[in-house]
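Student: Here is my input; please provide its structure:
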Amino acid sequence: MHKRTTQKMDKAGQMRTDNIYENADAIRGEITMEIEDLNTTRIQPPQQTVSDCVKIRNYRAAVVCLVLLCVLLLTAVIVLCFTFTQEISKNENLTNVRNQLILKNTNLTNERDQLILKNTNLTSERDQLILKNTNLTNERDQLILKSTNLTNERDQLLLKNTNLTNEREQLLLKNTNLTSERDQLILKNTNLTNQRDQLILKSTNLTNDRDQLILRSTNLTNERNQLLPKNTNLTSERDQLILKSTNLTNERNQLKQENNDLQRRLGKVDGWIYHQCSYYYISNETKNWYDNRRYCTERGADLIIINNLEEQEFVRNISGYVDVWIGLTNSNLEGRWKWVDNSTLTSGFWGYGKPYSYYEDCAVSYISWWHAYSCNSALKWICET
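Tutor: Modelled structure (predicted):
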């Protein structure tokens, strides 16, 4: 539309210019004719009448009017030229404005295309992120399910390990009893053999009692023969029990190795850390001693009991440089510190001059030392199971 307006303005300006040039040519022709008439009149001889004088005056008046008219026409031409120049300048300005608008429109079109492309890319990235989030959620659910299955397998293995340990102890006890019986039978057999030898010697010396001794010796021989198969059977059973015990020991060691491998693979499950056949949990929040113990007992555990220096070093490593509650208190009887399993503290890792306060009835571990704190203080804690 702007282009059409500009074209119309160009055509109108061109028509005005053509009209100005045509009017100027016409006026120039009329002025030339009038000047020729005046020259002709001046050249004629001075034989003029009154009417001729009147005509001359009329001509002069006409010439003056024509001159004035020419001046007006020239002024009009100058005004029209000035107007035309302004129109041309205005037209050039409008052309520049149109070009700028076209350029700006082109830039805006390019920006729009870039924004559309960017929006398309962002939409694709959003869809990819949604898909990735869905995949991560599925993987998390699978890991939770796998963790639950591994926990159940761990419990089953622990139960099976306990049963095998009990069976092993029963077999060891039975093996010990059989060994004792075997030793007694061997001793008895040895005694009988000695008695037999004595009876043979006595039979040689006592001819009268020979028949009785022979009979008794025969009985003893029969008993011996009966004991020998029985002894052989016991020996075979003993060997079988030893073999079975060896197999059970190997199976126990293999199960223990598999259990340790499984526990190492478990690593950390739901924040629990496996260490030295126990699981430990260190909190990320702070509570008082009683709430902490309730938190542990609700999960089948209790506040940690530190039995040796190695376990104290382990607590230091997982707690860092913060105070953590441990399962030690003297709230029942002042000055008598007990663990949460009701066992009395025999030795510990108290800091210098600790404990000392009457109102500080619960213990915390800080780096490598213990301190007494008020049980209502909010600190982190460590559970153990």
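
Student: Roughly how far does Thr137 sit from Thr148?
Tutor: Going from Thr137 to Thr148 by C-beta to C-beta, to the nearest Å gives 17 Å. All C-beta atoms are positioned from the backbone trio N, CA, C, and that covers glycine.

Student: cool, and Leu122?
Tutor: Counting by C-beta to C-beta, the gap from Leu122 to Thr148 is 39 Å.

Student: got it, and Leu68?
Tutor: 116 Å.

Student: same question, Arg57
Tutor: On the measure of C-beta to C-beta, Arg57 and Thr148 end up 131 Å apart.

Student: Check the separation of the first and last residues in stretch 258-275.
Tutor: 16 Å (C-alpha to C-alpha, to the nearest Å).

Student: Next: stretch 373-383.
Tutor: End to end - C-alpha to C-alpha - stretch 373-383 spans 18 Å.

Student: What lies in contact with that stretch?
Tutor: 280-290, 292, 295-296, 299, 301-304, 315, 318-319, 322-326, 329, 331, 359-365 (C-beta atoms under 8 Å, 6 or more residues apart in numbering).

Student: That stretch - what's its average pLDDT?
Tutor: Stretch 373-383 shows a mean pLDDT of 94.

Student: And stretch 311-324, by the same measure?
Tutor: pLDDT averaged over stretch 311-324 gives 92.

Student: hmm, who's touching that stretch?
Tutor: So stretch 311-324 is in contact with 273, 275-276, 280, 282, 304, 306, 326, 349, 364-368, 371, 373, 379-382, going by C-beta under 8 Å, 6+ apart.

Student: Next step: those restricted to strands.
Tutor: 273, 275, 280, 282, 326, 364-366, 371, 373, 380-382 (DSSP state E).

Student: What's the PyMOL line that selects buried ones from those?
Tutor: The buried residues among the ones in strands among the contacts of stretch 311-324 can be selected in PyMOL (16 or more other C-beta atoms under 10 Å) with this line:
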select buried, resi 273+280+282+326+364+365+366+371+373+380+381+382
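
Student: From the ones in strands among the contacts of stretch 311-324, pick the one nearest Leu227.
Tutor: His275 (55.6 Å; C-beta to C-beta).

Student: show me the contacts for the closest one.
Tutor: Contacts of His275 (C-beta under 8 Å, 6+ apart): Phe314.

Student: Offset the numbering so it begins at 31, please.
Tutor: Let's use 31 as the start, then, which means that last one is His305.

Student: Who is it paired with across the strands?
Tutor: Beta-bridge partners recorded for His305 (DSSP bridges): Ser308.

Student: ok, back up a step: now the two most distant members of the ones in strands among the contacts of stretch 341-354.
Tutor: His305 and Tyr403 (24.7 Å).

Student: Check which helices and strands the helix or strand hosting Arg128 is in contact with.
Tutor: Assigned by DSSP states H and E, Arg128 belongs to helix 80-235. For helix 80-235, the packing partners by 3 or more C-beta pairs under 8 Å, 6 or more residues apart in numbering; DSSP states H and E come out as helix 32-73, helix 240-296, strand 298-299.

Student: So this protein: which segments form each domain?
Tutor: Using automatic domain parsing, the domain parsing of the chain gives 32-148, 177-296, 299-414.

Student: Single out the most deeply packed of the ones you listed.
Tutor: domain 299-414 (a mean of 16; mean count of other C-beta atoms under 10 Å).

Student: Name the nearest residue to Tyr310, ignoring sequence neighbours.
Tutor: The shortest distance from Tyr310 to any non-neighbouring residue, by C-beta to C-beta, 6 or more residues apart in numbering, is to Ile303 (4.8 Å).

Student: So that neighbour versus Gln342, what's the distance?
Tutor: 15 Å.

Student: can you check Gly330 too?
Tutor: 24 Å.

Student: check contacts around the residue nearest to Tyr310.
Tutor: Tyr309, Tyr310, Tyr311, Ile312, Ile348.

Student: Please report phi then psi for Arg307.
Tutor: Not quite, residue 307 is Cys, not Arg. Here the main-chain torsion angles of Cys307 (degrees, to the nearest 10) amount to phi 70, psi 20.

Student: For it, give its distance to Leu188.
Tutor: 10 Å.

Student: Next: Tyr325.
Tutor: Tyr325 is 23 Å from Leu188, by C-beta to C-beta.

Student: Look at Pro68 and report its pLDDT.
Tutor: Heads up, residue 68 is Leu, not Pro. On the pLDDT scale, Leu68 gets 53.

Student: Is it correct that Thr195 is in contact with Glu281?
Tutor: No: using C-beta atoms under 8 Å, Thr195 is not in contact with Glu281, being 11.4 Å away.

Student: Trp319 contacts Trp355, correct?
Tutor: Yes: between Trp319 and Trp355 a contact is recorded at 5.3 Å, counting by C-beta under 8 Å.
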